[in-house]
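Student: What would the 3D arrangement of this be:
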Amino acid sequence: MPNIEKIFFKRKIISRNEIPIEIKGHKITIKREDEIDKWISGNKFRKLKYIFLGLNKKKINKLLSFGGAYSNHLAALAKAGNLYNVKTIGIIRGKEWETKYLLNPTLSFCKKNNMDLYFVSREEYRLYQQGITSKKIINSNSDIKIIGEGGKCSEAIKGCQEILTPYDKDFDTVCVSVGTGFTLSGVIESSNSNQFVLGFLSLKHKKMKKEILKNTSRINWELIDDYIFKGYAKVNEELINFINDFYKEYKIPLDPIYNSKMVFGIFDMIKKNKWNWGKNILVINSGGLQGVNGMNLKLKERGCKIIIF
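Tutor: Purely as a prediction, here's the structure:
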(Lines give C-alpha, C1' and ligand atoms only; values in the text may rest on other atoms or scores of the structure.)
Protein backbone atom coordinates (compact mmCIF):
# COMPACT_ATOMS: atom_id res chain seq x y z
CA MET A 1 0.00 0.00 0.00
CA PRO A 2 1.34 3.48 -0.86
CA ASN A 3 1.87 6.13 1.79
CA ILE A 4 -1.68 7.47 1.79
CA GLU A 5 -0.95 10.30 4.24
CA LYS A 6 1.05 12.35 1.75
CA ILE A 7 -1.61 13.63 -0.64
CA PHE A 8 -5.35 14.31 -0.94
CA PHE A 9 -6.63 14.06 2.64
CA LYS A 10 -3.51 15.62 4.17
CA ARG A 11 -4.55 19.01 2.84
CA LYS A 12 -5.94 21.59 5.24
CA ILE A 13 -8.95 23.01 3.44
CA ILE A 14 -10.73 26.22 4.36
CA SER A 15 -13.80 26.66 2.16
CA ARG A 16 -14.57 30.13 0.90
CA ASN A 17 -17.63 32.09 1.96
CA GLU A 18 -19.75 33.70 -0.75
CA ILE A 19 -20.80 37.35 -0.72
CA PRO A 20 -23.88 37.50 1.56
CA ILE A 21 -27.38 37.34 0.10
CA GLU A 22 -29.61 39.95 1.74
CA ILE A 23 -33.29 39.25 2.42
CA LYS A 24 -35.48 41.43 4.65
CA GLY A 25 -32.54 42.61 6.75
CA HIS A 26 -30.98 39.14 7.03
CA LYS A 27 -27.56 38.27 5.59
CA ILE A 28 -27.21 34.71 4.27
CA THR A 29 -23.66 33.56 3.54
CA ILE A 30 -23.06 30.25 1.73
CA LYS A 31 -19.94 28.32 2.73
CA ARG A 32 -18.77 26.52 -0.41
CA GLU A 33 -17.80 23.09 0.92
CA ASP A 34 -19.11 21.77 -2.41
CA GLU A 35 -16.00 23.19 -4.13
CA ILE A 36 -13.51 20.91 -2.33
CA ASP A 37 -13.62 18.28 -5.07
CA LYS A 38 -16.02 17.15 -7.80
CA TRP A 39 -16.51 13.67 -6.31
CA ILE A 40 -15.06 13.75 -2.78
CA SER A 41 -16.74 17.03 -1.94
CA GLY A 42 -18.12 18.79 1.08
CA ASN A 43 -18.95 16.69 4.10
CA LYS A 44 -17.85 13.52 2.27
CA PHE A 45 -14.29 14.82 2.23
CA ARG A 46 -14.59 15.70 5.91
CA LYS A 47 -16.07 12.33 6.88
CA LEU A 48 -13.51 10.26 4.98
CA LYS A 49 -10.43 12.32 5.85
CA TYR A 50 -9.46 10.69 9.14
CA ILE A 51 -10.50 7.24 7.99
CA PHE A 52 -7.93 7.39 5.19
CA LEU A 53 -5.27 9.14 7.26
CA GLY A 54 -5.53 6.34 9.82
CA LEU A 55 -5.44 3.31 7.52
CA ASN A 56 -1.69 2.76 7.62
CA LYS A 57 -1.59 2.91 11.42
CA LYS A 58 -4.46 0.44 11.76
CA LYS A 59 -3.22 -1.85 8.95
CA ILE A 60 -6.58 -1.73 7.19
CA ASN A 61 -6.65 -2.27 3.43
CA LYS A 62 -10.37 -2.69 2.74
CA LEU A 63 -13.35 -0.46 3.45
CA LEU A 64 -16.97 -1.61 3.42
CA SER A 65 -19.98 0.67 3.56
CA PHE A 66 -23.67 0.92 2.73
CA GLY A 67 -25.94 3.10 0.63
CA GLY A 68 -28.71 3.52 -1.88
CA ALA A 69 -28.35 3.54 -5.64
CA TYR A 70 -27.51 7.27 -5.77
CA SER A 71 -25.36 7.48 -2.63
CA ASN A 72 -23.00 10.47 -2.49
CA HIS A 73 -21.06 8.68 0.23
CA LEU A 74 -20.41 5.52 -1.81
CA ALA A 75 -19.33 7.56 -4.84
CA ALA A 76 -16.85 9.51 -2.70
CA LEU A 77 -15.62 6.34 -0.97
CA ALA A 78 -15.06 4.58 -4.29
CA LYS A 79 -13.13 7.54 -5.70
CA ALA A 80 -10.99 7.91 -2.57
CA GLY A 81 -10.29 4.17 -2.46
CA ASN A 82 -9.20 4.23 -6.09
CA LEU A 83 -6.93 7.23 -5.47
CA TYR A 84 -5.15 5.45 -2.64
CA ASN A 85 -5.28 1.89 -3.94
CA VAL A 86 -7.53 0.80 -1.06
CA LYS A 87 -10.18 -1.81 -1.86
CA THR A 88 -13.76 -0.65 -1.33
CA ILE A 89 -16.96 -2.66 -1.00
CA GLY A 90 -20.48 -1.25 -1.30
CA ILE A 91 -23.65 -2.91 0.00
CA ILE A 92 -26.37 -1.48 -2.25
CA ARG A 93 -29.99 -1.18 -1.13
CA GLY A 94 -32.15 -2.49 -3.99
CA LYS A 95 -31.70 -5.90 -5.59
CA GLU A 96 -33.30 -4.56 -8.77
CA TRP A 97 -30.10 -2.66 -9.63
CA GLU A 98 -28.00 -5.82 -9.95
CA THR A 99 -28.68 -6.24 -13.68
CA LYS A 100 -28.88 -2.56 -14.63
CA TYR A 101 -26.32 -0.76 -12.49
CA LEU A 102 -24.50 0.47 -15.60
CA LEU A 103 -27.56 2.63 -16.35
CA ASN A 104 -27.15 4.37 -13.01
CA PRO A 105 -24.56 7.20 -13.07
CA THR A 106 -23.59 6.77 -9.41
CA LEU A 107 -23.27 2.97 -9.40
CA SER A 108 -21.43 2.89 -12.73
CA PHE A 109 -19.02 5.50 -11.33
CA CYS A 110 -18.44 3.34 -8.23
CA LYS A 111 -17.74 0.31 -10.41
CA LYS A 112 -15.41 2.33 -12.65
CA ASN A 113 -13.46 3.20 -9.50
CA ASN A 114 -13.07 -0.49 -8.62
CA MET A 115 -15.67 -0.75 -5.86
CA ASP A 116 -17.11 -4.25 -5.41
CA LEU A 117 -20.91 -3.94 -5.41
CA TYR A 118 -23.24 -6.31 -3.53
CA PHE A 119 -26.93 -5.79 -4.31
CA VAL A 120 -29.41 -6.79 -1.60
CA SER A 121 -33.11 -6.46 -0.94
CA ARG A 122 -34.32 -3.76 1.40
CA GLU A 123 -34.95 -6.32 4.13
CA GLU A 124 -31.48 -7.80 3.69
CA TYR A 125 -30.07 -4.28 3.74
CA ARG A 126 -31.50 -3.67 7.21
CA LEU A 127 -29.90 -6.90 8.40
CA TYR A 128 -26.56 -5.97 6.85
CA GLN A 129 -26.57 -2.66 8.68
CA GLN A 130 -27.17 -4.53 11.92
CA GLY A 131 -24.16 -6.72 11.15
CA ILE A 132 -26.27 -9.86 11.01
CA THR A 133 -25.61 -11.14 7.49
CA SER A 134 -22.53 -9.16 6.50
CA LYS A 135 -20.30 -11.70 8.24
CA LYS A 136 -20.25 -13.75 5.04
CA ILE A 137 -18.55 -10.89 3.21
CA ILE A 138 -16.47 -9.76 6.17
CA ASN A 139 -15.08 -13.24 6.85
CA SER A 140 -13.79 -13.44 3.29
CA ASN A 141 -12.02 -10.09 3.65
CA SER A 142 -9.28 -9.60 6.22
CA ASP A 143 -8.13 -6.20 7.49
CA ILE A 144 -11.50 -4.60 6.80
CA LYS A 145 -13.12 -1.51 8.32
CA ILE A 146 -16.89 -1.13 8.27
CA ILE A 147 -18.25 2.41 7.80
CA GLY A 148 -21.89 3.16 8.53
CA GLU A 149 -24.37 4.38 5.93
CA GLY A 150 -23.59 7.93 4.85
CA GLY A 151 -20.15 7.72 6.47
CA LYS A 152 -21.31 7.29 10.07
CA CYS A 153 -18.27 6.79 12.32
CA SER A 154 -16.28 8.65 14.97
CA GLU A 155 -13.78 9.82 12.36
CA ALA A 156 -16.64 11.56 10.52
CA ILE A 157 -17.44 13.80 13.48
CA LYS A 158 -13.76 14.66 13.92
CA GLY A 159 -13.50 15.65 10.27
CA CYS A 160 -16.71 17.68 10.29
CA GLN A 161 -15.42 19.71 13.22
CA GLU A 162 -13.07 21.31 10.69
CA ILE A 163 -15.85 22.81 8.55
CA LEU A 164 -16.12 25.93 10.69
CA THR A 165 -13.05 28.13 10.96
CA PRO A 166 -12.05 31.16 13.06
CA TYR A 167 -13.32 33.32 10.17
CA ASP A 168 -16.85 32.06 10.92
CA LYS A 169 -17.00 33.01 14.60
CA ASP A 170 -19.12 36.15 14.11
CA PHE A 171 -22.12 34.45 12.52
CA ASP A 172 -25.22 34.28 14.72
CA THR A 173 -26.58 31.07 13.21
CA VAL A 174 -25.05 28.14 11.34
CA CYS A 175 -27.32 25.99 9.15
CA VAL A 176 -26.60 22.39 8.18
CA SER A 177 -28.59 19.84 6.19
CA VAL A 178 -29.10 16.60 8.12
CA GLY A 179 -28.99 13.02 6.83
CA THR A 180 -27.15 10.83 9.34
CA GLY A 181 -26.63 13.69 11.80
CA PHE A 182 -22.85 13.27 11.93
CA THR A 183 -22.07 16.45 9.98
CA LEU A 184 -24.39 18.37 12.27
CA SER A 185 -22.74 16.80 15.33
CA GLY A 186 -19.29 17.92 14.16
CA VAL A 187 -20.50 21.46 13.45
CA ILE A 188 -22.22 21.70 16.84
CA GLU A 189 -19.04 20.57 18.60
CA SER A 190 -16.91 23.20 16.81
CA SER A 191 -19.41 26.09 16.99
CA ASN A 192 -18.80 29.10 19.24
CA SER A 193 -20.73 29.51 22.47
CA ASN A 194 -22.45 32.58 20.99
CA GLN A 195 -23.69 30.68 17.93
CA PHE A 196 -26.86 28.66 17.37
CA VAL A 197 -26.83 25.69 14.99
CA LEU A 198 -29.90 24.69 12.98
CA GLY A 199 -30.13 21.24 11.43
CA PHE A 200 -32.57 20.88 8.52
CA LEU A 201 -33.76 17.28 8.26
CA SER A 202 -33.81 15.69 4.81
CA LEU A 203 -36.04 12.84 6.00
CA LYS A 204 -38.42 12.06 8.85
CA HIS A 205 -36.37 10.64 11.70
CA LYS A 206 -38.08 10.41 15.08
CA LYS A 207 -34.87 9.39 16.84
CA MET A 208 -32.53 11.92 15.26
CA LYS A 209 -32.42 14.12 18.36
CA LYS A 210 -31.34 11.12 20.45
CA GLU A 211 -28.71 10.26 17.83
CA ILE A 212 -27.27 13.78 17.98
CA LEU A 213 -27.21 13.71 21.78
CA LYS A 214 -24.99 10.62 21.63
CA ASN A 215 -22.35 12.77 19.94
CA THR A 216 -22.57 16.07 21.78
CA SER A 217 -23.56 17.42 25.18
CA ARG A 218 -24.00 20.96 23.89
CA ILE A 219 -27.47 22.50 23.75
CA ASN A 220 -27.02 25.35 21.21
CA TRP A 221 -28.90 23.56 18.43
CA GLU A 222 -32.31 22.64 17.08
CA LEU A 223 -33.77 20.42 14.36
CA ILE A 224 -36.13 21.70 11.64
CA ASP A 225 -38.38 19.13 9.93
CA ASP A 226 -40.77 21.37 7.98
CA TYR A 227 -38.95 21.18 4.63
CA ILE A 228 -38.61 17.49 3.86
CA PHE A 229 -40.85 17.70 0.77
CA LYS A 230 -42.76 14.48 1.55
CA GLY A 231 -39.65 12.39 2.21
CA TYR A 232 -36.04 11.56 1.49
CA ALA A 233 -35.03 12.24 -2.13
CA LYS A 234 -38.56 13.48 -2.88
CA VAL A 235 -38.84 16.64 -4.95
CA ASN A 236 -41.58 18.65 -6.63
CA GLU A 237 -41.72 21.32 -9.31
CA GLU A 238 -41.51 24.11 -6.74
CA LEU A 239 -38.19 22.79 -5.40
CA ILE A 240 -36.72 22.20 -8.88
CA ASN A 241 -37.71 25.75 -9.89
CA PHE A 242 -36.07 27.06 -6.71
CA ILE A 243 -32.82 25.19 -7.47
CA ASN A 244 -32.72 26.51 -11.03
CA ASP A 245 -33.68 30.06 -10.08
CA PHE A 246 -31.13 30.11 -7.24
CA TYR A 247 -28.35 29.04 -9.59
CA LYS A 248 -29.44 31.53 -12.24
CA GLU A 249 -29.36 34.42 -9.76
CA TYR A 250 -26.39 33.51 -7.51
CA LYS A 251 -24.37 30.98 -9.58
CA ILE A 252 -24.38 28.57 -6.63
CA PRO A 253 -25.50 24.98 -7.37
CA LEU A 254 -27.66 23.21 -4.79
CA ASP A 255 -28.26 19.46 -4.74
CA PRO A 256 -31.91 18.27 -4.73
CA ILE A 257 -31.66 15.91 -1.73
CA TYR A 258 -30.12 17.96 1.06
CA ASN A 259 -28.93 21.54 0.62
CA SER A 260 -31.70 22.86 -1.64
CA LYS A 261 -34.37 21.91 0.90
CA MET A 262 -32.42 23.67 3.65
CA VAL A 263 -31.90 26.88 1.66
CA PHE A 264 -35.53 26.82 0.50
CA GLY A 265 -36.57 26.56 4.16
CA ILE A 266 -34.37 29.45 5.26
CA PHE A 267 -35.71 31.72 2.53
CA ASP A 268 -39.28 30.65 3.23
CA MET A 269 -39.09 31.29 6.99
CA ILE A 270 -37.48 34.70 6.54
CA LYS A 271 -40.04 35.78 3.93
CA LYS A 272 -42.88 34.64 6.22
CA ASN A 273 -41.35 36.34 9.30
CA LYS A 274 -40.90 32.96 11.01
CA TRP A 275 -37.11 33.18 11.41
CA ASN A 276 -36.07 33.54 15.07
CA TRP A 277 -32.34 32.75 15.13
CA GLY A 278 -30.35 35.89 14.33
CA LYS A 279 -29.80 37.88 11.16
CA ASN A 280 -26.21 36.93 10.28
CA ILE A 281 -26.56 33.40 8.90
CA LEU A 282 -23.93 30.94 7.66
CA VAL A 283 -25.21 28.11 5.45
CA ILE A 284 -23.03 25.05 4.87
CA ASN A 285 -23.30 23.86 1.25
CA SER A 286 -22.16 20.30 1.89
CA GLY A 287 -21.99 19.17 -1.76
CA GLY A 288 -23.82 16.12 -3.08
CA LEU A 289 -23.92 17.42 -6.64
CA GLN A 290 -22.92 14.05 -8.14
CA GLY A 291 -26.51 12.93 -7.51
CA VAL A 292 -27.98 15.55 -9.85
CA ASN A 293 -27.51 13.37 -12.96
CA GLY A 294 -29.42 10.51 -11.35
CA MET A 295 -32.21 12.82 -10.21
CA ASN A 296 -32.49 14.30 -13.70
CA LEU A 297 -32.88 10.82 -15.19
CA LYS A 298 -35.82 10.17 -12.87
CA LEU A 299 -37.34 13.57 -13.62
CA LYS A 300 -37.08 12.97 -17.38
CA GLU A 301 -38.80 9.59 -17.00
CA ARG A 302 -41.73 11.38 -15.33
CA GLY A 303 -41.79 14.16 -17.93
CA CYS A 304 -40.84 16.78 -15.34
CA LYS A 305 -38.54 19.79 -15.40
CA ILE A 306 -34.89 18.97 -14.78
CA ILE A 307 -32.11 20.69 -12.85
CA ILE A 308 -29.94 22.91 -15.03
CA PHE A 309 -26.53 24.22 -13.92
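Student: Do I have it right that Asp168 meets Arg16?
Tutor: No: Asp168 is beyond contact range of Arg16, at 11.5 Å (criterion: Cβ atoms under 8 Å). (C-beta placed from N, C-alpha, C; glycine too.)
Student: Comparing these two, which shows the higher neighbour count?
Tutor: Between Asp168 and Arg16, counting by other Cβ atoms under 10 Å, Asp168 is the more crowded of the two (21 against 10).
Student: Show me the common contact partners of Asp168 and Arg16, please.
Tutor: Contact criterion Cβ atoms under 8 Å, 6 or more residues apart in numbering; residues shared by Asp168 and Arg16: Lys31.
Student: hang on, isn't Tyr232 packed against Pro256?
Tutor: No: applying Cβ under 8 Å, one finds Tyr232 not in contact with Pro256, separated by 11.1 Å.
Student: who's more crowded, these two?
Tutor: With neighbours defined as other Cβ under 10 Å, Tyr232 and Pro256 compare such that Pro256 has more, 25 against 15.
Student: Please name the residues that touch that one.
Tutor: Here Pro256 is in contact with 233, 235, 239-240, 243, 291-292, 295, 307 (Cβ under 8 Å, 6+ apart).
Student: can you check Ser121 too?
Tutor: With Cβ under 8 Å, 6+ apart, Ser121 has these contacts: 94-95.
Student: In contact with the spatially most central residue of the chain, which residues are there?
Tutor: The centroid of the chain falls nearest to Asn43 when counting by Cα atoms, centre = their mean (5.4 Å). Going by Cβ under 8 Å, 6+ apart, Asn43 touches 33, 151, 160, 163, 183, 284, 286-287.
Student: what's the burial count for Thr106?
Tutor: Neighbours of Thr106 (other Cβ under 10 Å): 22.
Student: That one contacts Gly294, correct?
Tutor: Yes: contact criterion Cβ under 8 Å: Thr106 and Gly294 qualify, at 5.6 Å.
Student: Please enumerate the shared neighbours of those two.
Tutor: In terms of Cβ under 8 Å, 6+ apart, Thr106 and Gly294 are both contacted by the residues 69-70.
Student: show me what contacts the residue nearest to Gly25 when sequence neighbours are not counted?
Tutor: Leaving aside its sequence neighbours, Gly25 sits nearest to Lys279 (Cβ to Cβ, 6 or more residues apart in numbering; 6.0 Å). Residues near Lys279 by Cβ under 8 Å, 6+ apart: 25-27, 172.
Student: The residue nearest to the centre of the chain looks like it's in a helix, true?
Tutor: Yes: counting by DSSP: H, G, I helix; E, B strand; the rest coil, Asn43 is part of a helix.
Student: so how far is Glu189 from it?
Tutor: Going from Asn43 to Glu189 by Cβ to Cβ, to the nearest Å gives 14 Å.
Student: Give me the domain ranges for this structure.
Tutor: Here the domain parsing of the chain from automatic domain parsing is 4-39+153-301, 45-151.
Student: end-to-end on the last one?
Tutor: Right, the one you point to is domain 45-151. With Cα to Cα, to the nearest Å as the measure, domain 45-151 spans 10 Å from end to end.
Student: Near Leu203, how many residues? Count them for me, please.
Tutor: Neighbours around Leu203, by other Cβ under 10 Å: 16.
Student: Excluding chain neighbours, what is closest to it?
Tutor: Tyr232 (3.7 Å).
Student: Show me where the stretch 1-150 of the chain has its helices.
Tutor: 42-53, 55-58, 72-83, 105-112, 122-129, 135-139 (DSSP state H, counting those that start in this stretch).
Student: Before I go, just wanted to say thanks for your time.
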